[in-house]
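**Q** when you get a sec, could you give me coordinates for this:
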Amino acid sequence: MSYQVLARKWRPKSFATLVGQEHVVRALSHALATGRLHHAWLFTGTRGVGKTTISRILAKALNCETGVTAEPCNQCAACQAIDADRFPDYVEMDAASNRGVEDMAALLDKAVYAPVQGRYKVYMIDEVHMLTGHAFNAMLKTLEEPPEHVKFILATTDPQKIPVTVLSRCLQFNLKQMPPGHIVDHLSRILEAEAIPFEALALRHLAKAASGSMRDALSLLDQAIAHGSGKVEEEQVTHMLGTVGDDHLYAVLDALVAGDVTALLAVADRMETRSLSFDAALQALASLLHRAALAQFAPAAIADEAERQRLAPYTEAFDAEFLQLAYQIAIHGRDELSLAPDDYAGFTMTLLRLHAFRPEQPAALGSPAASGNGGGLARGLPPPRPLAEAQRGPAAVQSAAPVTRVPAAPDQLVRPAVPERAAVQVAPLAQTINKQPSTSETRAEPANSVPPWEDLPPEALLGQASDGGAERAETENPAPAAPAVAPPLLPATTRVPPPAPGVAENVPAATSVAGATVVELANAAQPDAAAAVAAVFAAADWHGIIRKLGLGGMVREFAQHCEWLGFADGVLNLRLSEAHRHLLGMNPGLVDRLQDALVSLYGSPLKLRAEIGAIAGETPAQRDEAERRARHIEAVAALERDPFVRELIERFDATLVEASVKPL
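**A** Next comes the predicted model:
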């Protein structure tokens, strides 16, 4: 006996064995069981999803010798004749080759006669959209009111080409593409029944290559069995399909975790040696990153336990922000592949982008990131370059030796501060830190106004605090230095004069340069870090603190929706509204990242505690929204007062669209 291909041998013979079209099976089974039979059905869907199979099962259900039933026996003469394609009352017509009005007229002439053997005459017209306009018009009347013994089944892959007059006369069922999981399960059952050894990963490659078509999957399975000499193995299947195996994709992820550029390029070289498609590689890489993001946010969405366990190390190693960025880089790299000098160059540049671009957050004082273990960075990735003073550890802040700085030029040498004058520095500095510029100050600043404290060098601040800009005096016998207390570190935005070339930044409290004793006045003038932070937080200006932090992304969103509760004993208490508790659910590390940002800004260890509850006061987000509405109302009022606008309204009955007004 000649070999029968798997697609024909394993064609489903009943609704119970049909795969992936449960919505169609449910409707047809109920109709057959209750006797509510329509005279015309239209099945739409891509190739290989079961249109012809369902029509044959429906024909058997209508003509089975046991009666009209949703479960044909497959044993009677009618069922076996339909399966063998020799039942006289079941006619399959290919509209692609019989598309003219003459062919349709011949079919309809036979429809008036009673069935020869069965209960119903069933006409199945495949690819019905290929019929000409005249052929459609010829069948309209019969399709609307056919004889009681005639049933029409229409099938098409392009329902948009079917006239609406035909669609309105049929019950339309849209057959879905086969999910990869359904295809893998069906292929596994077939191979087990055929006693053919196989690997599950090989079936996944076949299911992916089938693109939702079960017939394509079975045809590829036939080819894989022949290619593998009676076995279906992953390596053989990837060679046959010319696709990129999972080993290459996971090697890319491993190299990204390790930050190893050489390993990334080695993956590209191996793919080029095997002549694999770089376009398909980027497509598969984007798909893998999508699965990793799903496993990170919704692990239940990954049904395969083995795949979920294999993705687990990468969901732990990569931050959610990096996975989103990597997915965008992969799909844009594939889109730009045709613009690259060659596919290899385009693929390797995409890999280098994945290595180069990482969402990073500044490491906090004393946090693991400061020693290279990633707090706000993508976990498992190389730490960023150390920042300046903002990244010194708590030990440096509490050190007994004062931090001194050697000016760049001799004319910047200053005397040690007098202790009486140094005490005056505390209040003005705290007031300057806590002061927020008003709206009017932000819009227009006088030309002779003093810039904010962040933009002034320490010498200018200290000079203003000590004597209102008094002239410096020089002496040969400087006063003894006060007990060393480390000052609070300035924010990262502070501009500090660079040290002289070749001179170390951290020097003893008294250093002789060009015959003069140099001690930075800030060490004697500023209080300790904890007192400075307490003075800043005493004003409870959470809105202003957020602006100074310069946050971005999810951390800023979280801080904006928190209400200030208070600061005591080194603990800052916030409350997040119930409506925004999902922010912590999506990224539990937001509290630690905000705490690290506060520590980096003010240079003093503190603890951040956030609770979830009803907001009693006002959050920074609510304040910003109120200010935005106030500016919008003011802008609308200014336009309404404008003489030109008023003239337009009065003369032409114009209307001012308030939603289009944007305040400057």
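**Q** give me the element residue 91 is part of.
**A** Following DSSP states H and E, one finds residue 91 within strand 90-94.
**Q** in that strand, which residues are buried?
**A** For strand 90-94, the buried set under the neighbour-count rule, 16 or more other Cβ atoms under 10 Å, comprises 90, 92-93. C-beta here means a position set from N, CA and C on the backbone, and glycine is covered the same way.
**Q** can you check stretch 628-637 too?
**A** residue 636.
**Q** state the mean pLDDT of that stretch.
**A** For stretch 628-637, the mean pLDDT works out to 88.
**Q** then stretch 175-189?
**A** pLDDT averaged over stretch 175-189 gives 92.
**Q** strands along the chain, start to end?
**A** With DSSP state E, the ranges of strands along the chain come out as 40-44, 90-94, 121-126, 150-156, 171-174, 511-513, 516-518, 562-568, 571-577, 607-613.
**Q** including distance to residue 268, could these go into a markdown table?
**A** As requested, these are exported to a markdown table (distance: least, Cβ to Cβ, whole Å):
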| stretch | distance to residue 268 |
| --- | --- |
| strand 40-44 | 42 |
| strand 90-94 | 47 |
| strand 121-126 | 46 |
| strand 150-156 | 44 |
| strand 171-174 | 42 |
| strand 511-513 | 54 |
| strand 516-518 | 55 |
| strand 562-568 | 46 |
| strand 571-577 | 45 |
| strand 607-613 | 44 |
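**Q** which residues does residue 281 contact?
**A** Residues counted as contacts of residue 281 (Cβ atoms under 8 Å, 6 or more residues apart in numbering) are 244, 248-249, 271, 347.
**Q** please repeat the previous calculation with a cut-off of 6 Å.
**A** When contacts are counted by Cβ atoms under 6 Å, 6 or more residues apart in numbering, residue 281 touches residue 244.
**Q** from residue 266, how far off is it?
**A** Per Cβ to Cβ, to the nearest Å, residue 281 is found 14 Å from residue 266.
**Q** again with residue 628
**A** To residue 266, residue 628 is 53 Å away according to Cβ to Cβ.
**Q** sheet partners, orientation included, of the strand holding residue 91?
**A** Paired strands of strand 90-94, with direction, are strand 121-126 (parallel) (DSSP bridges).
**Q** the helices in the stretch 51-200 of the chain, which residues?
**A** Listed in chain order, the helices of the stretch 51-200 of the chain (DSSP state H, counting those that start in this stretch) span 51-63, 77-83, 101-111, 133-144, 164-167, 180-194, 200-210.
**Q** so for stretch 289-306, what gets flagged as buried?
**A** Neighbour counts over stretch 289-306 (16+ other Cβ under 10 Å) mark 289, 291-296, 302 as buried.
**Q** sort those by pLDDT and name the bottom one.
**A** Lowest confidence among the buried residues of stretch 289-306: residue 302, with 86.
**Q** what's the closest non-adjacent residue to it?
**A** Nearest non-adjacent residue to residue 302, counting by Cβ to Cβ, 6 or more residues apart in numbering: residue 308, 4.4 Å away.
**Q** and the pLDDT for that neighbour?
**A** 86.
**Q** quick one: it and residue 298 touch, right?
**A** No. Applying Cβ atoms under 6 Å as the test, residue 308 and residue 298 come out as separate, 10.8 Å apart.
**Q** quick one on the thing from earlier: relative to residue 251, how far out is the residue nearest to residue 302?
**A** As judged by Cβ to Cβ, residue 308 and residue 251 stand 20 Å apart.
**Q** repeat that for residue 625.
**A** 48 Å.
**Q** which of those two has more neighbours?
**A** Shown here are residue 625 and residue 251; by other Cβ atoms under 10 Å, residue 251 has more neighbours (17 against 12).
**Q** residues in contact with the residue nearest to that one when sequence neighbours are not counted?
**A** Nearest non-adjacent residue to residue 251, counting by Cβ to Cβ, 6+ apart: residue 267, 4.9 Å away. Each residue near residue 267 by Cβ under 6 Å, 6+ apart is listed here: 248, 251-252.
**Q** got those residues as TSV, with distance to residue 211 and pLDDT columns?
**A** Below are the contacts of residue 267 laid out as TSV (distance: Cβ to Cβ, whole Å; pLDDT from 0 to 100):
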residue	distance to residue 211	pLDDT
248	21	87
251	26	92
252	24	94
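**Q** which among those residues gets closest to residue 558?
**A** Closest to residue 558 out of these is residue 252 (32.0 Å), distances taken as Cβ to Cβ.
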